[in-house]
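J.: Kindly generate the corresponding structure for this input.
(2 chains)
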Amino acid sequence: MSPVPFIPIRNGQALPLNDVPELPFAAFRETIVQAVREGQRLACLCADAERRLFAVLADDAEKSLCTGRTRLEGSRYPSLTPDCPQAHLFEREMAEQFGLVPEGHPWFKPVRGHVPWNGAPDPWGRGEAPLPGVLDFYRVTGDEVHEVAVGPVHAGVIEPGHFRFQCHGEKVFHLEIALGYQHRGIERALLGGPHPLTWKMMETASGDATLAHAWAHCRVLEGLAGGAPSPRVDRVRGVALELERMANHTGDLGALSGDVGFLPTASFCGRIRGDWLNLSAEGCGSRLGRNWLRPGGLRHDLEPERAQRMRPRVAQTWADTRDAVELLWGAASVMLRFEAAGAVDPVQARELGLVGVAARACGMDLDVRQDHPFGPYADHPITVATAQSGNVHARAWVRWKELEASADHLMHALEELAETPAEPPPGPLPPLAPDSLCVALTEGWRGEVLHLAITDAAGRFARYKLVDASFHNWAGLALALRGGQISDFPVCNKSFNLSYCGHDL
Amino acid sequence: MPGFLVFPTHVALHLLVALLLPPLIPGLIAKTKAAMAGRQGPPVLQLYYDLARLARKEAVFSRTTTWVFLAGPIGALAAGWVASLLIPFGQTPAPVAFQGDVILFAYLFGLARFLTILAALDTGSAFEGMGAAREAAFSALAEPALFLGFAALAKATQSLSLTPMLLSHGAAGGRLTGPLILVLAGWATVYLAENARIPVDDPNTHLELTMIHEVMVLDHSGRPFALVLYGASLKLVVLGALILDLLLPPTGRPWLDWLGFLAGLGALAIAVGLVESAMARFRMTKVPQFLVAGILASAFAFLLLLV
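T.: Next comes the predicted model:
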């Protein structure tokens, strides 16, 4: 039984800050712990410079969200993590951003390698300019135990991250992941925003999930300014987001295939991913979907003629994708590799609050498009695919099923857009509501993307929080390796394919 | 077993093939893979270009390394060249043949591996140590398959010299067919494992944690690295000759034999390319099972010849 309930909030809704109950810390903590124990998910927990804490809880089964806040008296508070593991990284992040120390946190380490923004003393006493990845790693000692350090500079052209393995021969006892090398200070730069550069930052928070973040940002601004876009705009945005999903899932299945040395799918998917990206370019002139959307509407509408032109291309590219990926499921040597690697325990997945593909591969039936529908997804529901085994195969399979569902969605959307006339672009958004809070969630190809904005009395951002799916899921990768083979790490890593910059912000 | 007369032209040809041909083989494999994937792929002569480029480059040495690091590539290549003198190419006898050269042949590869492993350990890198451990473990399983195959052939031909062992099996007639097929199967696993090919190892991966052979040479650069690449291609030819000698029928005409051998090398490269295009590589824990299957094939060949 929750002591004082948080206030319900719809995805994309703005609330006056006064309507969000400010609970005493003990009640705030108890509400979260209790709710998560009952199966809800801690979608966001963040602080601001005034020591206010905000939390967003998602009840995916009941399809509801709720939010609440509290104010800390001092800079120390009893950690939620021992009772609610989902809070572990959020608490570390709050400590690094604002010097708020969670007492009793079992794994209290820096997240990104910067000092608190508000001038508060650094909880780890790291001095002026700390470096990312410089921290005490968990170590297993013993005669036959060895440590393998990978990164931050890798042999391939990928983002920087440091992986520290504790191994016994080929077996991994423990993997610790240190990130922060891509930290650009996006959240801090957003204070007092929106600024002219805000849009660029949103699109590149995690550049391969441009549309997931751009759309979430649009919805935050639209919620705060009070201007819902027309159904046609939502339909076009849906096309944009699903094209992004098609390109990335196709690329991922190809890359997974390449990691186990299976060439046919790897080669085909590399090309077909380009075809999907080119369809995005047809839509907005950018293969990554940059500047497709804009707050309040679209920068590039999909006129009926263009939608009509894209239809046969989508059908052809989808047929190519299907041919290429079916080779994968037919190769016994590939299945052997996929099924043997990277299983995440479903109970642990739930405790950690995994989201997106990684969660659905563990049998968790959650998808923002289904649970907290936005844009076109309320009227055009999408089939959510789950798998049970939580291993590399399950994550590949979920991607495959999502490709099917998204292709279907795309064809229908383009058919509809080809028949509805284009609309005149809407004018600029009215000013943002002052002293309000708005939460917007979208389902990017990796999983849930959450943007939370709090405005000050002038209607500027007093706090803007981004949570990429990767932020929830990196810990899942570490668990997937536990007890596994170190040589299976690359294929496990690829099956999660998490964003470094989306985590580092 | 006397009676093999080695003509100077054949010796010259043998040396030329051993010196100049090897870099062509990886190019053929890569071309096959590219064709299978619908790509154009790098030129067949790419490795020659790479070697020329590396030869002009300066080598960089880690401060933790010693002379052992350099002894790896040099010693391994030297061992490969000596081994190439002991093995007949096609139906042409080897330039050097004596009783017991089969033991020398096998252990020249052992020496090369030993030096490569030492050089890898010399860097003090966790990756290279891991690769060295894998190489040592897997080659310990590949060696019995090679030796049991030799034992079967030695039993059949009553000789311990590679040239008579590999070339005189035609005389034994049909009784040898079954064992020979088994020896070939066993050696095919050795060929894939020793040359770090799929399904045992993936020569094209950039993922250090999954590499076996490649990871041991990560720290080499410039000319020493050219030696490593050249040595690897030489191994493809020398071990390929082992398989082709058993497979190719004697035609009685030396020039036709030579042509057959060269065509056979090309076919072998294409076969490797096809295997790599059609299957994923094994999980590391499955590799020993694959190699044990090779041992069993060779062992059965030996048993068949005992009875």
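
J.: separation between the residue lying closest to A:Gly151 once chain neighbours are set aside and A:Gly502?
T.: Excluding its sequence neighbours, the residue lying closest to A:Gly151 (CB to CB, 6 or more residues apart in numbering or on different chains) is A:His162, at 4.7 Å. Bear in mind the C-beta positions are built from the backbone N, C-alpha and C, glycine included. Distance, A:His162 to A:Gly502, using CB to CB, to the nearest Å: 17 Å.

J.: Looking at these two, which one has more neighbours?
T.: Set side by side, A:His162 and A:Gly502 show more neighbours around A:Gly502, with 27 against 21, by other CB atoms under 10 Å in any protein chain shown.

J.: who's in contact with whatever helix or strand the more buried one lives in?
T.: Using DSSP states H and E, A:Gly502 falls within helix A:500-504. By CB atoms under 8 Å, 6 or more residues apart in numbering or on different chains, the surrounding residues in contact with helix A:500-504 are A:112, A:132, A:159-161, A:179-184, A:204-207, A:209, A:446, A:468-471, A:474.

J.: Please pick the buried ones from the residues you listed.
T.: A:112, A:132, A:159-161, A:179-183, A:204-206, A:209, A:446, A:468-471, A:474 (16 or more other CB atoms under 10 Å in any protein chain shown).

J.: can you count the residues close to A:Val153?
T.: For A:Val153, the count of nearby residues is 9 (other CB under 10 Å).

J.: that's a helix at it, yeah?
T.: No: under DSSP: H, G, I helix; E, B strand; the rest coil, A:Val153 falls outside any helix and is assigned coil.

J.: ok, it to B:Thr64 distance?
T.: Between A:Val153 and B:Thr64 the distance is 18 Å, computed by CB to CB.

J.: Next: A:Arg219.
T.: 54 Å.

J.: Tell me which of these two has more neighbours.
T.: The residue with more neighbours, out of A:Arg219 and B:Thr64, is A:Arg219; 26 against 11, by other CB under 10 Å.

J.: now the more buried one, nearest residue through space, not along the chain?
T.: With sequence-adjacent residues excluded and distances taken as CB to CB, 6+ apart, A:Arg219 is closest to A:Ala440, at 3.8 Å.

J.: how about that neighbour, secondary structure?
T.: In terms of secondary structure, A:Ala440 is strand; the call rests on three-state DSSP.

J.: what's the neighbour count on it?
T.: Other residues close to A:Ala440 by other CB under 10 Å number 27.

J.: any idea what the residue of chain A most remote from its centre is structurally, helix, strand or coil?
T.: Distance to the chain centre peaks in chain A at A:Asp143, reaching 40.0 Å (criterion: CA atoms, centre = their mean). At A:Asp143 the chain is in coil, as set by three-state DSSP.

J.: Distance-wise, check it relative to chain B.
T.: Counting by CB to the nearest CB, to the nearest Å, the separation of A:Asp143 from chain B is 15 Å.

J.: quick one, what contacts that residue?
T.: By CB under 8 Å, 6+ apart, A:Asp143 has no neighbours at all.

J.: distance between stretch B:245-258 and the chain's centre?
T.: 20 Å (CA atoms, centre = their mean, to the nearest Å).

J.: And stretch B:90-101, by the same measure?
T.: The answer for stretch B:90-101 is 17 Å, by CA atoms, centre = their mean.

J.: quick one: terminal-to-terminal distance for it?
T.: In stretch B:90-101, first residue to last residue: 17 Å (CA to CA, to the nearest Å).

J.: Can you get me a residue count around A:Gln40?
T.: When neighbours are defined as other CB under 10 Å, A:Gln40 has 24 of them.

J.: Tell me the spacing between it and A:Met364.
T.: Applying CB to CB, the value for A:Gln40 to A:Met364 is 13 Å.

J.: Same check on A:Ala453?
T.: Distance, A:Ala453 to A:Met364, using CB to CB: 27 Å.

J.: Compare those two and say which is more crowded by neighbours.
T.: Ranked by neighbour count (other CB under 10 Å), A:Ala453 and A:Met364 place A:Ala453 first, with 26 against 21.

J.: Check which helices and strands the strand or helix carrying the more buried one sits against.
T.: Taking DSSP H and E as the definition, A:Ala453 sits inside strand A:448-455. Under the contact definition 3 or more CB pairs under 8 Å, 6 or more residues apart in numbering or on different chains; DSSP states H and E, strand A:448-455 sits against strand A:41-47, strand A:52-59, helix A:210-225, strand A:436-443, strand A:461-467, helix A:469-481.
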